[in-house]
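> from the sequence below, what's the structure:
(chains A and B)
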Amino acid sequence: MSGYSNGLIWAIIAALGLGSFLLRYSFMGFLGDRQLPAWALRYLRYTLVAVMPGLVAPLVLWPAATGGTPDPARLLAAGAALTAGVLTRNTLWAIVSGLATLYLGLWLLG
Amino acid sequence: MSEPLSLTALYWRGFRHGVPFLLVIVPFGLLFGVAATKAGLDLAHVMGFSVLVIAGAAQFTALQLMGDHAPVLLILAASLSVNLRMAMYSAALTPHLGKAPAWQKALVAYFMVDQSYALSITEYEARPQMSLGQKLAYYAGACSPICPLWYLATLTGALVGAQIPPEFALDFAVPITFLAMIGPALRTLAHVAAAITSVVGALLLAFLPAGVGLMIAALAAMVVGAQVEIWTERRKAVRG
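Below is the predicted model of the structure:
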């Protein structure tokens, strides 16, 4: 991994490990039986859909493998994975649909 | 459904419930191993991620931002915010497991993943008469097939990943895996609104240093999600 030294990569892994553990331990460990306020839960409900779509959008539109040029096969595969995920509510089927569409698209469209 | 079950029986009940999730865990772990190796991480780093962080989405987030040469603080902020839902899981499990000794709660916390949380909270709510020991036995059973296979699948992916030729376009397995997790999470109008805000924001702010635009877009998206939820509830209340 260029740009990060071996020590820095281990520091990132250790910090992520510790941070993830503290998030998991947080309420169970430190707050006992107290409940979170409703407003905090309301924001927390949207963390996943707030972070991941923004992360994935540039990867779909400007893939590194094509030098940042939009690629029909990859766009179709992204659409298939998202659609299958919405319709089936199942991560595995979404992955299978996306990869199948990707290979079919690369094979047909070159 | 009120028969008293031994701890062993509950452990195996959790185990049986956990097994079908291997269909998600194994391909996901393989993909992480492959993608991390392709990105240039050593075998030790790859395994360090899966053993110490043990959270697929956060690991992929970190990997992606490291590939973009993002500053370390932004890598940590984005990856940990993907994991913020674990704090929600922790809050939800507190009424059930909060009275366990600290070392047991630490083990529960370490093995807390989407699947072990979803299984156990469903079981606890369906069988409120379970004792603390029974709840912990079920939880341990549910984690037993899932977590070791996560490590093993990562290891396999890391070992074979280098031999996979570029024609397989595994570069795109990472976006597909993300999209596959986003789809099922789009449960309500508020979730969809948050996701759209996140996409538009991240694309418009893509000119900013790696990770900065994403954090701004994500914060805006959380606010939008929460506001749309409030708005939807008010409309429901008005209509009666």
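
> please make it C-alpha for all contacts and neighbour counts, starting now.
Will do.

> so, low pLDDT: which residues of the chain?
Picked chain A for this. A:1-2, A:32-35, A:110 (pLDDT under 70).

> looking at chain B here, not the other one
Using pLDDT under 70, the flagged stretches of chain B are B:1-4, B:210, B:240.

> mind listing the helices for it?
All helices of chain B, identified by DSSP state H, fall at B:7-18, B:22-38, B:43-48, B:56-67, B:72-82, B:85-97, B:102-110, B:114-126, B:132-161, B:173-185, B:189-204, B:212-239.

> which of these sits most buried?
Among the helices of chain B, helix B:173-185 has the highest mean neighbour count (mean count of other C-alpha atoms under 10 Å in any protein chain shown), at a mean of 25.

> now that one against helix B:189-204, angle please.
Computed by axes from the mean of the first three to the mean of the last three C-alpha atoms, to 10 degrees, the angle separating helix B:173-185 from helix B:189-204 equals 150 degrees.

> other SSEs contacting helix B:173-185?
Applying 3 or more C-alpha pairs under 8 Å, 6 or more residues apart in numbering or on different chains; DSSP states H and E, one finds that helix B:173-185 contacts helix A:47-61, helix A:72-88, helix A:91-109, helix B:22-38.

> picking up where we left off before, need the helices of chain B in TSV with distance to residue A:12, can you?
TSV is the format used below for the helices of chain B (distance: least, C-alpha to C-alpha, whole Å):
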stretch	distance to residue A:12
helix B:7-18	30
helix B:22-38	14
helix B:43-48	10
helix B:56-67	9
helix B:72-82	7
helix B:85-97	19
helix B:102-110	18
helix B:114-126	22
helix B:132-161	18
helix B:173-185	20
helix B:189-204	23
helix B:212-239	18
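
> JSON lines for the helices and strands packed on helix B:173-185, including distance to residue B:5?
Formatted as JSON lines, these follow (distance: least, C-alpha to C-alpha, whole Å):
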{"stretch": "helix A:47-61", "distance to residue B:5": "36"}
{"stretch": "helix A:72-88", "distance to residue B:5": "34"}
{"stretch": "helix A:91-109", "distance to residue B:5": "32"}
{"stretch": "helix B:22-38", "distance to residue B:5": "25"}
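
> closest to residue B:16 out of these?
Nearest of those to residue B:16, taken as C-alpha to C-alpha: helix B:22-38 at 11.1 Å.

> buried sites along stretch A:92-101?
Residues of stretch A:92-101 classed as buried: A:92, A:93, A:94, A:95, A:96, A:97, A:98, A:99, A:101 (neighbour count, 16 or more other C-alpha atoms under 10 Å in any protein chain shown).

> can you show me the CA trace of stretch B:150-167 as CSV?
What follows is stretch B:150-167 as a C-alpha-only set of coordinates in CSV (Å, rounded to 0.1, in the frame of the first residue of the first chain):
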residue,chain,number,x,y,z
TRP,B,150,-15.0,-14.6,8.6
TYR,B,151,-11.3,-15.0,9.5
LEU,B,152,-10.9,-18.1,7.3
ALA,B,153,-12.6,-16.6,4.3
THR,B,154,-10.5,-13.5,4.5
LEU,B,155,-7.3,-15.6,4.7
THR,B,156,-8.4,-17.7,1.7
GLY,B,157,-9.2,-14.5,-0.3
ALA,B,158,-5.8,-13.0,0.7
LEU,B,159,-3.9,-16.1,-0.3
VAL,B,160,-5.6,-16.7,-3.7
GLY,B,161,-6.2,-13.0,-4.5
ALA,B,162,-2.8,-12.4,-6.0
GLN,B,163,-3.4,-15.1,-8.6
ILE,B,164,-6.7,-13.7,-9.9
PRO,B,165,-6.1,-12.0,-13.3
PRO,B,166,-7.5,-8.4,-14.0
GLU,B,167,-10.1,-9.8,-16.5
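
> how does chain B divide into domains?
Following automatic domain parsing, one finds the domains of chain B at B:7-184, B:186-240.

> pull the longest helix from chain A.
Ranking each helix of chain A by length (DSSP H) puts helix A:6-26 first.

> nearest residue to the middle of chain A?
Against the mean C-alpha coordinate of chain A, by C-alpha atoms, centre = their mean, the closest residue is residue A:52 at 4.6 Å.

> contacting residues for it?
B:82, B:178, B:182, B:198 (C-alpha atoms under 8 Å, 6 or more residues apart in numbering or on different chains).

> now do residue B:134
Residue B:134 touches B:6, B:7, B:10, counting by C-alpha under 8 Å, 6+ apart.

> wait, isn't the last one in contact with residue B:140?
No. Using C-alpha atoms under 8 Å, residue B:10 is not in contact with residue B:140, being 9.2 Å away.

> rewinding a little: distance to chain B added to the buried residues of stretch A:92-101, as TSV?
As requested, those are arranged in TSV below (distance: C-alpha to the nearest C-alpha, whole Å):
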residue	distance to chain B
A:92	5
A:93	8
A:94	5
A:95	6
A:96	9
A:97	9
A:98	6
A:99	7
A:101	11
